[in-house]
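Engineer: Next comes the sequence, and after it the predicted model I'd like to discuss.
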2 protein chains.
Amino acid sequence: MKKKYIMSPGPVEVPPSVLSVGGLPMIHHRTPEFRKALAEVLEGLKYVFQTKNDILIFPAAGTGGMESAVINMVSPGDKVLVAACGQFGERWAKIAETFGVSVVKVFAEWGDEVDCAKVEAELKKDPGIKAVFTTLSETSTGIENNIKKLGEITGKTKAVFIVDAVSGMGAVEFRTDEWNVDVAVVGAQKGLMIPPGIAMVTLSEKAKKAMTESKIPKYYFSYEQALKALSKDKLPDTPYTSSVSLILQLRESIRLIKEEGLENVWKRHARIASAVRMGVKALGLKPFAGGKPSNAVTSVWAPEGIDGDAVNKKIRDDYGITMAGGQGKMKGKMFRIGHLGYVDMFDAVIALAAVEMALTELGVKITLGAGVKAVEEELLKK
Amino acid sequence: MKKKYIMSPGPVEVPPSVLSVGGLPMIHHRTPEFRKALAEVLEGLKYVFQTKNDILIFPAAGTGGMESAVINMVSPGDKVLVAACGQFGERWAKIAETFGVSVVKVFAEWGDEVDCAKVEAELKKDPGIKAVFTTLSETSTGIENNIKKLGEITGKTKAVFIVDAVSGMGAVEFRTDEWNVDVAVVGAQKGLMIPPGIAMVTLSEKAKKAMTESKIPKYYFSYEQALKALSKDKLPDTPYTSSVSLILQLRESIRLIKEEGLENVWKRHARIASAVRMGVKALGLKPFAGGKPSNAVTSVWAPEGIDGDAVNKKIRDDYGITMAGGQGKMKGKMFRIGHLGYVDMFDAVIALAAVEMALTELGVKITLGAGVKAVEEELLKK
């Protein structure tokens, strides 16, 4: 009877009412019943993403959504700018290069945030840059980038502004239209609190124009085909079979978000994230994020002489909580506490208690209860 | 309190025990717990697909799986053969042409099966053909192709043999290895009886060699990356986030298939399909399939002067059963009764009763009960 918890930066725990929809009978994706549900979902997503733009949904992992943005927005030989500050930001460059696109890399040190001034300078230097790719919440390092500022900068150029919001949307403030985001790529298993398996993208008018000029071959991820299906008659449709169960679960999770109110969702994330950060600092641990820390995930340097993966493994195997270790070049050097989606104040308490107990078991000298105390203090603030 | 039924050629009804898994809490895809489940699923799929080859799973619709086979197996400028007999077969050609591949089209009339002799002749004429693409069960017309024979023919050449088994696998006899199938593409929501959202592919040694020679750019659907993740340590993994809930549901549906026994599953489909066909004929309706009819779906010409979509619509909207209409150029001219996956004998009874009642309501002169009688007679045969 071990209770299990997910405190990773995705997949996240799925709320009970959303889970229960996963147990309902199948419906066919070409029926009015399903297409009405899809219409409701798309309408709800417009609220969550803060956009009036069309939204496309593909059965795919978040990386499939990222690939779709590259292959629909630019052409081989085009020059693009990738503003990265970690594993996922750098993935934009890898994808673009795979498809023969030339990449200007504005890469921050891991732990720092994207340097907006550098992005602006590069765009001024080369007005031929066709697209700017960046990341909202960089999961690998726990950084949140200044999308608003980057949108202002890119909005003055001809480049389309493409944001990997996979891991931040629904958790941290994000305003697609107000912030000039032409394509936002969103995942299922993060702030939207459903099981993984679908990727969503928003498309501005600027993005739709870029789409018509793109010459990279595409079939499954063709935005043109998806847009055609979306507007073929009164109800939206998809070119290929929809992930029916996930879409129906998404309808329920959007209902939960609407019920709470999007700004309240953002505030809840800010409150829990702040409590976790205070707890970590109270234990004398060093936060990894040098720039603005993301409210979706807190990244922490492993204490001197301790393997970050060992902390993570103990918490997972002995205590039943799935957190995350370091990714890529940070493997073994940190651990990460996810707090997004279906999270509330006692999750912060549990997270810090687990960290305190694990570090103690691993021989690190910390004061048991000190982190939890700081969490409680922070949670009690108005 | 209207009871609803799905009798389409996919998505199919999901068995209750598989549905219930859809309501279980999320687990993280990088944990030993999930990766052990994935190992079990891959092992089980080898049995269902009758193969010893590696199997890759992608979050995607079946069409995504088809695209993956094209972009990993051939290169721009290559010549391939597409042996098609309907909408889905012809899709292979569209995908290949999208990626700059030259296509020799051996297209049968809709309603006929693929002409094996023509395929053999084309392959003899041009030994440079790099791949042969075809379809197991052509859903749009209700035809089952002779994959065994096509595998014998292709096995003698250098071409890789790639089969869209999306809609037939787990319903009709299919022996990946024995029949020389290098790549079988499989969907979730058909014979495997889970909600839509994942595509599976098998890869023979010949296919793996072709993969190393392929020059079409790929990232999300890269078989090379997927194979690397599959064998990186003792437990299988995936490059990007797995569709956790669907994989766990697949584990349960494979358990059901194993429990019944694969050959018994095929026999059950043959029995129900045969009963439906007898019922349709007893009503004086004309089966559309001129070649070998598929045991997954029965396609029927709409009676003279009747819109096939009207039959379909009445059965769906008034009786609560989702069947299917005609696709592409057959729109309005036929209706289709799916009988695959979670189907048993009274589904055939219900299907024929619905057809009898709908046609009567639409003014077609048929004998009420005659179709059901033929179904019962067929079901009573040993």
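Structural biologist: Arrived safely, thanks for sending.
Engineer: quick one: contacts for A:Arg271?
Structural biologist: Applying C-beta atoms under 8 Å, 6 or more residues apart in numbering or on different chains to A:Arg271 gives the contacts A:Met345, A:Glu378, A:Leu379. (C-beta placed from N, C-alpha, C; glycine too.)
Engineer: who wins for neighbours among these?
Structural biologist: A:Glu378 (20 neighbours; other C-beta atoms under 10 Å in any protein chain shown).
Engineer: just checking, that one touches A:Ser274?
Structural biologist: Yes: between A:Glu378 and A:Ser274 there is a contact under C-beta atoms under 8 Å: 5.7 Å.
Engineer: residues touching A:Phe161, list them.
Structural biologist: With the criterion set at C-beta under 8 Å, 6+ apart, A:Phe161 makes contact with A:Ala131, A:Val132, A:Leu150, A:Gly151, A:Thr154, A:Gly155, A:Asn180, A:Val181, A:Asp182, A:Val183.
Engineer: Let me have those residues in CSV, extended by pLDDT, neighbour count and distance to chain B.
Structural biologist: Output for these, formatted as CSV (pLDDT from 0 to 100; neighbours: other C-beta atoms under 10 Å in any protein chain shown; distance: C-beta to the nearest C-beta, whole Å):
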residue, pLDDT, neighbour count, distance to chain B
A:Ala131, 98, 27, 16
A:Val132, 98, 26, 19
A:Leu150, 98, 22, 24
A:Gly151, 98, 22, 26
A:Thr154, 98, 29, 23
A:Gly155, 98, 14, 28
A:Asn180, 98, 21, 26
A:Val181, 98, 31, 22
A:Asp182, 98, 27, 21
A:Val183, 98, 32, 16
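Engineer: How about stretch A:191-203 and chain B, any contact?
Structural biologist: Yes: remark: stretch A:191-203 sits within contact range of chain B at A:Pro195, A:Pro196, A:Gly197, A:Ile198, by C-beta under 8 Å from any C-beta of the partner chain.
Engineer: For that stretch, what is the distance to the chain centroid?
Structural biologist: 9 Å (C-alpha atoms, centre = their mean, to the nearest Å).
Engineer: gap between the two ends of it?
Structural biologist: Using C-alpha to C-alpha, to the nearest Å, the end-to-end distance of stretch A:191-203 comes out at 20 Å.
Engineer: and it, what's its mean pLDDT?
Structural biologist: On average, the pLDDT along stretch A:191-203 is 98.
Engineer: with the contacts of A:Phe161 in mind, which one is nearest to A:Ala84?
Structural biologist: A:Ala84 lies nearest to A:Val132 out of the contacts of A:Phe161, by C-beta to C-beta, at 11.1 Å.
Engineer: Would you map the strands across chain A?
Structural biologist: Taking DSSP state E as the criterion, chain A carries its strands at A:5-6, A:54-59, A:79-84, A:102-107, A:131-135, A:137-138, A:143-144, A:160-164, A:183-187, A:198-203, A:297-301, A:321-322, A:324-325, A:334-338.
Engineer: if I look at the residue of the stretch 251-382 of chain A at minimum distance from chain B, how far off is B:Lys208?
Structural biologist: Of all residues in the stretch 251-382 of chain A, the one sitting closest to chain B is A:Thr322 (4.3 Å; C-beta to the nearest C-beta). For A:Thr322, the distance to B:Lys208 (C-beta to C-beta, to the nearest Å) stands at 33 Å.
Engineer: Out of these two, name the residue with the larger neighbour count.
Structural biologist: In this view A:Thr322 and B:Lys208 are compared by other C-beta under 10 Å, and A:Thr322 has more residues nearby, 25 against 17.
Engineer: Angles on the backbone of the spatially closest residue to that one that is not a sequence neighbour, please.
Structural biologist: In this structure, A:Thr322 finds its nearest non-sequential neighbour in B:His28, 4.3 Å apart by C-beta to C-beta, 6 or more residues apart in numbering or on different chains. With angles defined as degrees, to the nearest 10, B:His28 sits at phi -80, psi 140.
Engineer: quick one, what contacts B:His28?
Structural biologist: A:Ile6, A:Ser8, A:Pro11, A:Thr322, B:Phe34, B:Val244.
Engineer: what do you get for A:Glu120?
Structural biologist: A:Glu120 neighbours (C-beta under 8 Å, 6+ apart): A:Ile153.
Engineer: Please tell me the pLDDT value assigned to it.
Structural biologist: 98.
Engineer: same thing with A:Gly291?
Structural biologist: pLDDT, read off for A:Gly291, is 89.
Engineer: again with A:Lys382
Structural biologist: A:Lys382 is assigned a predicted lDDT (pLDDT) of 79.
Engineer: count of residues packed around it?
Structural biologist: A:Lys382: 2 neighbours (other C-beta under 10 Å).
Engineer: before we move on, the earlier item: most neighbours out of the residues of stretch A:191-203 next to chain B, which is it?
Structural biologist: A:Gly197 (32 neighbours).
Engineer: and it, what does it touch?
Structural biologist: Per C-beta under 8 Å, 6+ apart, neighbours of A:Gly197: A:59-61, A:188-189, A:243, A:246, B:59, B:197-198, B:243-246.
Engineer: what about 10 Å?
Structural biologist: Contacts here follow C-beta atoms under 10 Å, 6 or more residues apart in numbering or on different chains; on that basis A:Gly197 touches A:11, A:58-61, A:64, A:187-189, A:243, A:245-247, A:249, B:59-60, B:195-198, B:241-247.
Engineer: likewise A:Met26?
Structural biologist: A:34, A:244-245, A:248, B:4, B:6, B:8, B:10-14, B:18-19, B:22, B:189, B:193-196, B:322, B:341-342.
Engineer: ok, so what distance separates the residue lying closest to it once chain neighbours are set aside from B:Leu192?
Structural biologist: Sequence neighbours aside, B:Val14 is the residue nearest to A:Met26 in space, at 4.8 Å (criterion: C-beta to C-beta, 6+ apart). As judged by C-beta to C-beta, B:Val14 and B:Leu192 stand 10 Å apart.
Engineer: so what sits against both of the two?
Structural biologist: B:Gln249, B:Ser253, B:Gly341.
Engineer: out of these, who's near chain A?
Structural biologist: B:Gln249, B:Gly341 (C-beta under 10 Å from any C-beta of the partner chain).
Engineer: What is the nearest of the shared contacts of B:Val14 and B:Leu192 to B:Gly261?
Structural biologist: B:Ser253 (14.4 Å).
Engineer: ok, and for stretch A:265-282, which residues are buried?
Structural biologist: For stretch A:265-282, the buried set under the neighbour-count rule, 16 or more other C-beta atoms under 10 Å in any protein chain shown, comprises A:265-266, A:268-269, A:271-280, A:282.
Engineer: do the same with stretch A:111-129
Structural biologist: By 16+ other C-beta under 10 Å, the buried positions in stretch A:111-129 come out as A:Gly111, A:Asp112, A:Glu113, A:Val114, A:Asp115, A:Cys116, A:Val119, A:Glu120, A:Glu122, A:Leu123, A:Ile129.
Engineer: how about the fifth one, phi and psi?
Structural biologist: For A:Asp115, the backbone dihedrals are phi -90, psi 100 (criterion: degrees, to the nearest 10).
Engineer: just checking, it touches A:Phe107?
Structural biologist: Yes: the pair A:Asp115 / A:Phe107 is scored as a contact, 9.5 Å apart, by C-beta atoms under 10 Å.
Engineer: What residues does A:Gly86 make contact with?
Structural biologist: A:Gly86 neighbours (C-beta under 10 Å, 6+ apart): A:107-114, A:135, A:137-143, A:145, A:299, A:327-330.
Engineer: if we go to 7 Å?
Structural biologist: Residues in contact with A:Gly86 (C-beta atoms under 7 Å, 6 or more residues apart in numbering or on different chains) are A:Trp110, A:Glu138, A:Ser140, A:Thr141, A:Ile143.
Engineer: If you rank the residues you listed by neighbours, which is first?
Structural biologist: A:Glu138 leads these on contacts (other C-beta under 10 Å) with 34 neighbours.
Engineer: Check the gap between that residue and chain B for me.
Structural biologist: 16 Å (C-beta to the nearest C-beta, to the nearest Å).
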